[in-house]
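Chemist: When you get a sec, could you give me coordinates for this:
(2 chains)
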Amino acid sequence: KNQVEQSPQSLIILEGKNCTLQCNYTVSPFSNLRWYKQDTGRGPVSLTIMTFSENTKSNGRYTATLDADTKQSSLHITASQLSDSASYICVVSASAGANNLFFGTGTRLTVIP
Amino acid sequence: NAGVTQTPKFQVLKTGQSMTLQCAQDMNHNSMYWYRQDPGMGLRLIYYSASEGTTDKGEVPNGYNVSRLNKREFSLRLESAAPSQTSVYFCATSLQGRDTQYFGPGTRLTVL
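Modeler: From the prediction side, this is the model:
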């Protein structure tokens, strides 16, 4: 069964600290993996996209990694800011099938001063 | 350039009432989607339209209908609302099926 699991469910960190969010998936055949950021009361916004051949991709203070062998991805946030408080959603795309996007339930990150 | 717009932003219905959620995009994207988001369950696909003139069921289509009015507009209709349809509804678009999706701001619907 195609599934995407994220951990932790929620996380509280101090401003300026780093953190890492995890995403494990069983989606097959794999096409790509995206991380989205969803601010409270807003729609998700894409942060990164990673394909099978990519191990690391950065977007400012956000760095995503992908291990296609173990079917794991992580999103590392460096020097967190209050504006990083949001839910982070991992979305995996399969390369076959009509309904080919599988969503994780998200990690709720709260950055406190 | 508004991107993806949704109306209304908020709506309260009584059980059995009907309503239509509107979505419009000015990104010239081919594919459009309707999702619902419930606490602890993540985003679930209701219906999608891969291109103008086509619509297909997603993971949770029961109780909903859609219309791809033209390339820009994709509406979601609840014919007889039920409390189980209380949720936040998001419209999204992508250039093609597996491309990055761009989401609207959402419609928060409460069914009493």
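Chemist: only C-alpha atoms for contact and neighbour calcs from this point on.
Modeler: Fine.
Chemist: and residue B:99, which of the three is it?
Modeler: coil (DSSP: H, G, I helix; E, B strand; the rest coil).
Chemist: Quick check: next helix or strand after the lowest-mean-pLDDT helix or strand in chain A?
Modeler: Least confident element among the helices and strands of chain A, by mean pLDDT, DSSP states H and E: strand A:101-103 (a mean of 90). Counting by DSSP states H and E, the next helix or strand C-terminal to strand A:101-103 is strand A:107-112.
Chemist: Which strands or helices does that following strand pack on?
Modeler: strand A:10-14, strand A:86-94 (3 or more CA pairs under 8 Å, 6 or more residues apart in numbering or on different chains; DSSP states H and E).
Chemist: And the average pLDDT for the first one is what?
Modeler: When you say that, I think you mean strand A:10-14. Taken as a whole, strand A:10-14 carries a mean pLDDT of 97.
Chemist: Please save the CA atoms from the helix or strand following it in PDB.
Modeler: On the C-terminal side of strand A:10-14, the closest following helix or strand by DSSP H and E is strand A:19-25. Coordinates of each C-alpha in strand A:19-25 appear next as PDB, following Å, rounded to 0.1, in the frame of the first residue of the first chain:
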ATOM      1  CA  CYS A  19      15.700  21.100  13.400                       C
ATOM      2  CA  THR A  20      15.100  18.100  11.100                       C
ATOM      3  CA  LEU A  21      11.800  16.700  10.000                       C
ATOM      4  CA  GLN A  22      11.500  13.100   8.700                       C
ATOM      5  CA  CYS A  23       9.400  11.500   5.900                       C
ATOM      6  CA  ASN A  24       9.300   7.800   5.200                       C
ATOM      7  CA  TYR A  25       7.400   6.400   2.200                       C
END
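Chemist: Quick one: name the residues of chain B near chain A.
Modeler: When proximity is defined by CA under 8 Å from any CA of the partner chain, chain B lies next to chain A at B:40-44, B:58-59, B:90, B:98, B:100-106.
Chemist: Count the neighbours of residue B:82 for me.
Modeler: 18 (other CA atoms under 10 Å in any protein chain shown).
Chemist: ok, back up a step: looking at the helices and strands packed on strand A:107-112, which is closest to residue A:1?
Modeler: Closest to residue A:1 of those is strand A:86-94 (CA to CA; 12.0 Å).
Chemist: Can you tell me the strand partners of that closest one and which way each runs?
Modeler: strand A:30-38 (antiparallel), strand A:101-103 (antiparallel), strand A:107-112 (antiparallel) (DSSP bridges).
Chemist: Now tell me what touches the shortest one from outside.
Modeler: It stands for strand A:101-103. Residues from elsewhere that reach strand A:101-103 (CA atoms under 8 Å, 6 or more residues apart in numbering or on different chains): A:2-4, A:27, A:89-94, B:42-44.
Chemist: Derive a PyMOL selection command for the buried subset of these.
Modeler: Provided next is the PyMOL selection string for whichever of those are buried by 16 or more other CA atoms under 10 Å in any protein chain shown:
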select buried, (chain A and resi 4+27+89+90+91+92+93+94) or (chain B and resi 42+43+44)
